[in-house]
Structure formats: C-alpha cells, structure tokens
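> What would the 3D arrangement of this be:
(one chain, ligands or ions: 1)
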Amino acid sequence: MFDSLIQFVRAQYRTNDFIPLHAPVFLGHERDYVVETIESTFVSSVGAFVDRFERDIASYTGSPRAVATVNGTAALHVALLLAGVKPGDLVVTQSLTFVATCNAIAYCNAEPVFVDVDRQTLGMSPKALEVWLENNAHLDSEGFCRYKVTGQAVRACLPMHTFGHPVELDELMEVCARWGLVLVEDAAESLGSLYKGRHTGCFGRLGTLSFNGNKIITTGGGGMILSNEELGARAKYLTTTAKQPHPFEYVHDELGYNYRLPNINAALGCAQLEQLEHFICSKRELASSYAQALKGSDLQFVTEPEGCRSNYWLNAVICDNKTQRDELLKATNDSGVMTRPIWRLMNHLPLYANCLRGDLSNSEWLSARIVNLPSSVVPEIRG
Ligand SMILES: Cc1ncc(COP(=O)(O)O)c(C=O)c1O
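Residues are numbered from 1 along each chain as shown. Alright, predicted model coming up:
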C-alpha cells in the first residue's frame, strides 16, 4: 500500500540498504578540527573551538550571546533557572514535545502545565495559552501571574519549534507580555529556521539549541543557550561550576553545574556549522520532493508555516487515522526504511500524568496521526 513512498525514499538515498530516520553527514573539516584538538591536547572543557563555536553560533543566529553546553537538556535547565523559575513554580509548555522539555522544568523543581498546539505549526497555540491563563490565572497586586487555585507563580512559557517549524512567535510574545510570563524557546530542533526573517530561539528572553547526533548539525552531544550579554555571562558562570575567575584559587560561590561543552565536541560543531546552509538547502529540496510525491495521496505532508523558513529537520506526514499510521509504520520499518511516530504526549507519561493542563484536542489528534519520514541530508543535493 505504501510501496510508492518506500520506492521514492529509496530513490532519494540511492540505496537498497537500511535507511535511517536521520543520520549525520561529515563532509567538511570535521576530521581536521578534531585532530587539531587532539594535537593541542585541549580536548576538554576549555579551548579555542569552544570560544569559536559560541561566536559562530551567535553570529549565525543573531543572538547577542551564545553559551555552549554539554547537551540541549542542560541548556534548557540553565535557561529556565535564568528565567527565574523557582521550586514550586508553574511553567506553561506543550504536551506534544520531546520529554527533555518537561524534564528541564522538573529539574528546577517546578511543574509543567500543558496547553494545546496548533495543527499548522505543531507548536504551542497562542490561543490555547491565552484561554488557559484566562480560566486559571490572575495577576496579583504586584503584577505577577499566579495560578488561582494554589497561588503558585506561573513564571515562564516554554514553546517548542516542532521538527524545525516555527511557532507563532508574535502572538505568543504578546500573550506572555500581557501576563508577565518569561518566554523561553526550546529551539533544539530549529537551528536555521527563521520566523519573519529572524532566527528562532532569539525571540524569547532565552532560547536553547541541541547538537545531539540526530539534529541538523551535531557535536556528538551538545547544546547552546542563546541570550543577551548579561544572562549569557550568568549562563557561562553557572555552567562552569559557578567558579569565580581567579588566577589559581578555586572559589565557587553558589551551586553551579558542570555543563560545559568539551573542546573536541566544539571542533566538530565548528566544522558542521560551516555546512549548515548547504544542509538546509538539501533538506528543503528533499521536503519539496516529498510534498510533490505525496500530492493527491491521503498522507498530508507537513509544510512550513506562512512567513517562516523551516529547516525541515524531520519531515512528517499526517495520516488519516491511527490505523493508517500504524500500517505506514509497519510497512516502512519492515522494508528497512526507518519511520517513527511522534512522541507520546507528555500528559500520557506516568511522570507528568497529573500535571495541570488545558484542552489538548489538537495534541491528541496529531499524536495519533503523525509519522516522521527519513530526513537525513542527501549528500548529492548540497545547494
Ligand atoms: C524538543 C527537544 N528539546 C530538547 C532536546 C534535548 O536535547 P539533548 O538531546 O541535546 O539533550 C531535544 C533533543 O534531543 C529536543 O528534540
């Protein structure tokens, strides 16, 4: 039933072997830069490539400051701490996300609140955020947003740019400003994605990226915090075990974290970043071929929201129903073409089952229907 799709994918990657969902490609200076770190002996937490990677990411994204971390989850954890999230606070997020988004909230001893996503962007719906706040929150005499029932502070809002497709940032910023919520963007999947010409992750007070092996560029494992200069300096300090600068003494004056990105990983990142625009070009061309191939079929290909440039990190289709979704997953995986369903909703995980939530109809609808298709860069298409 899905033979033509399977043949189409095989034709793109020109192989009869197993096709992964997303594999990294190393076509540039990766080997040279990594060898350079080994020869210099600077393979660990300090080194020239860490500084360069931070500068290069800041310049690419337009963020005033970028601070490298050991992974995207650590970046999110520290970003939330810097957003002022404290134990017992509430942080509004989407239930249609990867578990790291919620885990970072839990690491702060805060609690996630789940609101619905839009069917177009697959990310947080500004309307759903507004409705939840109107029904459940109020501004106290000092202008802080509080949950009506318990008085807990509703401190921050954490949307995620699903598969690289930007959420409706203007509208979300407007709701957050009106309710005094700090906007933090989980841009783990959206490096290279633009909303109205500006890079995702740079609209909120803080944004975070991931360079895990399955992302559009990889450092093996790694992440980045995007922020202004002042918060960036705090991020650097907190992720470096809260160590005060000193020529030789070890002075740590608050609880810090060893969340630094090793230089050897940053070397890989610098080489990958040099190729990012080529990767995006390849992925956008692949996405457009998928859209063409699926035209007229009953699988709806997910395209970038209006006014955005998506990096098309992971291509996705929306099936008619769950039965069709399961058939598609079985047929493709049985044929050695890797596909995956979208994540289980966070409110269906035991860990987060009792969290506060609004109406999640779109999240439920999408989670029963979305399948990710192979999306690795096709080396031959490099822009
Ligand atoms: C939406 C989202 N948030 C956070 C993360 C966490 O990133 P990392 O795996 O680098 O910790 C990922 C990816 O892994 C992700 O997809």
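> Where does the stretch 51-200 of the chain get nearest to the ligand, residue-wise?
Per CB to the nearest ligand atom, G72 is where the stretch 51-200 of the chain lies closest to the ligand, at 2.6 Å. C-betas here are computed from N, CA, C, even on glycine.
> Need the nearest residue in space to the residue positioned nearest the centre of the chain, chain neighbours excluded.
In the chain, the centroid-proximal residue (CA atoms, centre = their mean) is A188; its distance is 2.2 Å. Closest residue to A188 apart from its sequence neighbours, by CB to CB, 6 or more residues apart in numbering: S210 at 3.7 Å.
> Quick check: phi and psi on that neighbour?
Backbone torsions of S210, given as degrees, to the nearest 10, read phi -130, psi 140.
> what about it, how many neighbours?
30 (other CB atoms under 10 Å).
> now do W365
Using other CB under 10 Å, W365 has 15 neighbouring residues.
> from what I can see, it looks like it's in a strand, true?
No - under DSSP: H, G, I helix; E, B strand; the rest coil, W365 falls outside any strand and is assigned helix.
> pLDDT wise, what is the residue nearest to the residue of the stretch 51-200 of the chain closest to the ligand when sequence neighbours are not counted at?
Of all residues not flanking G72 in the chain, S210 sits nearest, at 2.7 Å (CB to CB, 6+ apart). For S210, the pLDDT comes out at 98.
> hang on, the earlier thing: would you check how far apart the residue nearest to the centre of the chain and A79 are?
According to CB to CB, to the nearest Å, A188 and A79 sit 11 Å apart.
> any shared contact partners between the two?
Shared contacts of A188 and A79, defined by CB atoms under 8 Å, 6 or more residues apart in numbering, comprise T208.
> and V67, which of the three is it?
strand.
> hang on, it packs against T239?
Yes - counting by CB atoms under 8 Å, V67 does reach T239; the two are 6.4 Å apart.
> which residues do these two both contact?
Contacts common to V67 and T239, judged by CB under 8 Å, 6+ apart, are I225.
> partner residues bridging the residue in the stretch 201-350 of the chain positioned nearest to the ligand?
In the stretch 201-350 of the chain, the residue that lies nearest the ligand is S210 (3.4 Å; CB to the nearest ligand atom). Per DSSP bridges, the residues bridged to S210 are G223.
> can you check A156 too?
V91, V182.
> Contacts only, for it.
A156 sits next to L80, A83, G84, V85, D89, V91, V92, L181, V182, L183, V184 when contact means CB under 8 Å, 6+ apart.
> three-state assignment of the last one?
Put simply, V184 is strand when judged by three-state DSSP.
> so what's A316 up against?
So A316 contacts L122, F163, F301, V302, I342, I370, V371, N372, L373 (CB under 8 Å, 6+ apart).
> Could you check which helix or strand contains it?
strand 315-318 (DSSP states H and E).
> list the buried ones in the helix or strand following that strand?
Counting by DSSP H and E, the next helix or strand C-terminal to strand 315-318 is helix 322-334. Residues of helix 322-334 classed as buried: Q324, R325, L328, L329, A331, T332 (neighbour count, 16 or more other CB atoms under 10 Å).
> now swap in stretch 266-281 and tell me
266-276, 278-280.
> next one: stretch 132-139
Buried residues in stretch 132-139 (16+ other CB under 10 Å): W132, L133, N136, A137.
> near the ligand too, which of those?
Filtering the buried residues of stretch 132-139 for neighbours of the ligand using CB under 6 Å from any ligand atom leaves an empty set.
> Show me which of these is closest to Y312.
W132 (30.0 Å; CB to CB).
> Am I right that the closest one sits in a strand?
No - W132 sits outside any strand when classified using three-state DSSP, being helix.
> And the closest residue to it other than its chain neighbours, how far from V67?
Leaving aside its sequence neighbours, W132 sits nearest to G358 (CB to CB, 6+ apart; 4.0 Å). For G358, the distance to V67 equals 33 Å [CB to CB].
> Look at those two and report which has more neighbours.
Here G358 and V67 are compared on neighbour count by other CB under 10 Å; more neighbours surround V67, at 31 against 21.
> Endpoint to endpoint, stretch 6-21 covers what distance?
Across stretch 6-21, the terminal residues are separated by 13 Å (CA to CA, to the nearest Å).
> between the contacts of A156, which is nearest L169?
Among the contacts of A156, and counting by CB to CB, the member closest to L169 is L183, at 8.4 Å.
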